[in-house]
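Enquirer: Fold the following, please.
(one chain, ligands or ions: 2)
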Amino acid sequence: MDAITNLPNYLDQSEAVKNRFDRLKQREVILEVKNLGKVYKSAKGEVTALKDINFKTHRREFVCVIGPSGCGKSTLIRILAGLESHTSGDVLLDDKPVTGPGRDRGMVFQGYTLFPWLTVKKNVMFGLEMNNANTEEAAREASLWLELVGLDKFANAYPHELSGGMKQRVAIARALVNKPRILLMDEPFGALDAQSRAKMQAHLLEIWRNVDVTILFITHDLDEAIFLADRILVLKAHPGEVQELIEVPVPRPRIPGNYTSPEFLVTKARLEALIHPPKSATELESEEVSITQHMIRFVNVEDNVE
Ligand SMILES: Nc1ncnc2c1ncn2[C@@H]1O[C@H](COP(=O)(O)OP(=O)(O)OP(=O)(O)O)[C@@H](O)[C@H]1O
Ligand SMILES: [Mg+2]
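Expert: Numbering: from 1, shown residues only. Ligands and ions are numbered 1, 2, ... in the order given. Reported below is the predicted structural model:
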């Protein structure tokens, strides 16, 4: 018998968790996405990357976005960042339409995006100086943020002297130094090994606890999403549509490495069911056929070699 059957439902919330969500929903809305759609047009035809996406995030909320590869997660975050146009619907930040990039949004990507020729501190100062802050003021601000991400001792180091996790901490400091309303993160820990990744997750929660910022965080990793998020937006592919917006029933503070509490397990089971739904007999059969065809081709290649 499946052990999951003895667990509570993922929709069940303890009094403390329910109260937290009640309070959270009373906070102001920072980001509102209404009927958002994106169609890419190319020589090969049209791709509907996003269709009718609707959700809101509240002040200091932590929302994770998950979904199969190609379901439009990066497209969504690039539209929110103002780096990509949308085909239909609206994106409102503090009730104002997003029409391009702005200081009110900070971005952290999976790839390391620090300037290699600048020191850690100069990297963090860069955005401020671009926005006309004087050097002294920018240096003071950068030091404060480096302290917050625990890298004040590395202020004069260059990016190549840092580990992957440390580089992403600098990227977070650089994004936060402009005091954005929302921090947009696209698989920021995707390139890290499991241990550094777990450390960075705990570290990010610690930063978030100390800063007035809303976070939208894309990940492929279900454990990561449950560990970090208040709510998880689950997308499906082709076209990218919202399947469910799940309120994570795991209480805060979250305990690093504790991925086996009943609330954690039921949430994970729900996410698994949404992302990897059981296949029908016809789907399994057609997969079998294509594997067999593949093998026949492989055998032919071997024959040719002989
Ligand atoms: N510039 C583009 N031109 C045409 N199609 C695109 C473009 N960018 C993305 N797409 C298509 O839009 C869909 C969504 O892509 P997107 O990169 O947003 O997915 P994703 O969920 O971030 O995937 P992954 O998990 O692999 O990062 C895919 O089918 C992709 O091929
Ligand atoms: Mg992506």
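
Enquirer: Got the confidence number for the closest residue to residue 212 other than its chain neighbours?
Expert: Counting by Cβ to Cβ, 6 or more residues apart in numbering, residue 212 lies nearest to residue 60, which is 6.2 Å off, once chain neighbours are set aside. Just so you know, the C-beta spots here come from the backbone N, C-alpha and C atoms, and that holds for glycine as well. Residue 60 carries a pLDDT value of 97.

Enquirer: who's in contact with residue 60?
Expert: The contact partners of residue 60, taken as Cβ atoms under 8 Å, 6 or more residues apart in numbering, are 24, 27, 208, 212, 213, 214.

Enquirer: between the residues you listed, which is closest to ligand 1?
Expert: Set against ligand 1, the nearest of these by Cβ to the nearest ligand atom is residue 214 (20.3 Å).

Enquirer: Out of the contacts of residue 60, grab the one that's most surrounded.
Expert: residue 214 (23 neighbours; other Cβ atoms under 10 Å).

Enquirer: Is the residue nearest to residue 212 in a helix, a strand, or coil?
Expert: Under DSSP: H, G, I helix; E, B strand; the rest coil, residue 60 falls in the coil class.

Enquirer: tell me the SS of residue 183?
Expert: Strictly by three-state DSSP, residue 183 counts as strand.

Enquirer: can I assume it is in contact with residue 177?
Expert: No: with contacts counted by Cβ atoms under 8 Å, residue 183 stays clear of residue 177, the gap being 11.5 Å.

Enquirer: Distance check, the residue of the chain found nearest ligand 2 against residue 190.
Expert: Evaluated by Cβ to the ion, the chain has residue 74 as its residue closest to ligand 2, separated by 3.1 Å. To residue 190, residue 74 is 11 Å away according to Cβ to Cβ, to the nearest Å.

Enquirer: Looking at those two, which is more packed in?
Expert: When residue 74 and residue 190 are compared for neighbours, residue 74 comes out ahead with 18 against 15, by other Cβ under 10 Å.

Enquirer: Grab the nearest non-local neighbour of that one.
Expert: In space, residue 74 is closest to residue 186, 5.6 Å off (Cβ to Cβ, 6+ apart).

Enquirer: Write out the residues of the chain neighbouring ligand 2.
Expert: Residues of the chain lying close to ligand 2 by Cβ under 5 Å from the ion are 73, 74.

Enquirer: Helices of the stretch 1-150 of the chain, start to end?
Expert: In the stretch 1-150 of the chain, the segments counted as helices under DSSP state H, counting those that start in this stretch are 15-26, 73-81, 120-130, 135-148.

Enquirer: On the C-terminal side of the last one, identify the next helix or strand.
Expert: Downstream of helix 135-148, the first helix or strand assigned by DSSP states H and E is helix 164-176.

Enquirer: Could I have the CA atoms of that following helix written out in CSV?
Expert: Written as CSV, here are the backbone C-alpha positions of helix 164-176 (Å, rounded to 0.1, in the frame of the first residue of the first chain):
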residue,chain,number,x,y,z
GLY,A,164,29.7,29.2,-8.1
GLY,A,165,27.6,29.8,-4.9
MET,A,166,29.6,32.9,-4.0
LYS,A,167,29.1,34.3,-7.5
GLN,A,168,25.4,33.9,-7.2
ARG,A,169,25.5,35.6,-3.8
VAL,A,170,27.2,38.6,-5.5
ALA,A,171,24.5,38.5,-8.2
ILE,A,172,21.8,38.6,-5.6
ALA,A,173,23.5,41.6,-3.8
ARG,A,174,23.9,43.3,-7.2
ALA,A,175,20.2,42.8,-7.9
LEU,A,176,19.1,43.9,-4.4
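
Enquirer: so who does residue 218 touch?
Expert: 64, 65, 66, 73, 74, 76, 77, 185, 186, 187.

Enquirer: Would you confirm that residue 271 contacts residue 226?
Expert: Yes: assessed by Cβ under 8 Å, residue 271 is found in contact with residue 226 at 7.4 Å.

Enquirer: of these two, who's got more company?
Expert: Legend: neighbour count by other Cβ under 10 Å for residue 271 and residue 226, higher for residue 226 (25 against 22).
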